[in-house]
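Colleague: With the sequence up front, the predicted model follows.
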Amino acid sequence: MGASKSDFFSDEQNELANLFKAISHPARIAIIQYLLTVDTCICGDIVNELPLAQPTVSQHLKELKNVGIIKGTIEGTSICYCLNPEIMEKMENYFGGISKELKNKCC
């Protein structure tokens, strides 16, 4: 089988692309914003905050968890979610680096 186009890019570029793809939906942005306001939360709490059905929210949570943006711990019959600070820092550093570079550029 031939190389995929992603093979032509660095691991870091592919990882960042996957992270940004995962947050490219407004519901996922809303989930991240909600998680910033609470210490931990259960999927049902998020469902109450969003105008989406529980299965839809669960699918968005799954996408965020698959790339490591959120972490989930099982507590009884519930899963409590929180943001993964290491991944959030990685995204912040990427955009912070762009911002610093732009200050030194002129078009």
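Modeller: Received it, and whenever you're ready, just let me know what you need.

Colleague: Show the pLDDT at the spatially most central residue of the chain.
Modeller: For the chain, the residue nearest the mean C-alpha position is Ile69 (3.9 Å; CA atoms, centre = their mean). Looking at Ile69, its pLDDT is 97.

Colleague: Cys107 now?
Modeller: 63.

Colleague: average pLDDT for the longest helix anywhere in the chain?
Modeller: Secondary structure of the chain read by DSSP state H shows that its longest helix is helix 85-103. For helix 85-103, mean pLDDT is 90.

Colleague: about what we covered before: how about the residue nearest to the centre of the chain, what does it touch?
Modeller: 19, 22-23, 32, 83-84, 87-88 (CB atoms under 8 Å, 6 or more residues apart in numbering). To be clear about C-beta, it is placed using only N, CA and C from the backbone, and glycine gets the same treatment.

Colleague: Pull out the buried members of those.
Modeller: For the contacts of Ile69, a neighbour count by 16 or more other CB atoms under 10 Å gives the buried set as 19, 22-23, 32, 84, 87-88.

Colleague: how about stretch 40-51 as PDB, C-alpha atoms only?
Modeller: Provided in PDB are the C-alpha atoms of stretch 40-51 (Å, rounded to 0.1, in the frame of the first residue of the first chain):
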ATOM      1  CA  THR A  40     -15.200  17.600  36.800                       C
ATOM      2  CA  CYS A  41     -18.400  16.800  35.100                       C
ATOM      3  CA  ILE A  42     -20.600  13.900  34.200                       C
ATOM      4  CA  CYS A  43     -21.900  13.500  30.600                       C
ATOM      5  CA  GLY A  44     -25.400  14.200  31.900                       C
ATOM      6  CA  ASP A  45     -24.300  17.600  33.100                       C
ATOM      7  CA  ILE A  46     -23.000  18.500  29.600                       C
ATOM      8  CA  VAL A  47     -26.200  17.200  28.000                       C
ATOM      9  CA  ASN A  48     -28.100  19.700  30.200                       C
ATOM     10  CA  GLU A  49     -25.900  22.500  29.000                       C
ATOM     11  CA  LEU A  50     -26.100  21.800  25.200                       C
ATOM     12  CA  PRO A  51     -29.100  21.800  22.900                       C
END
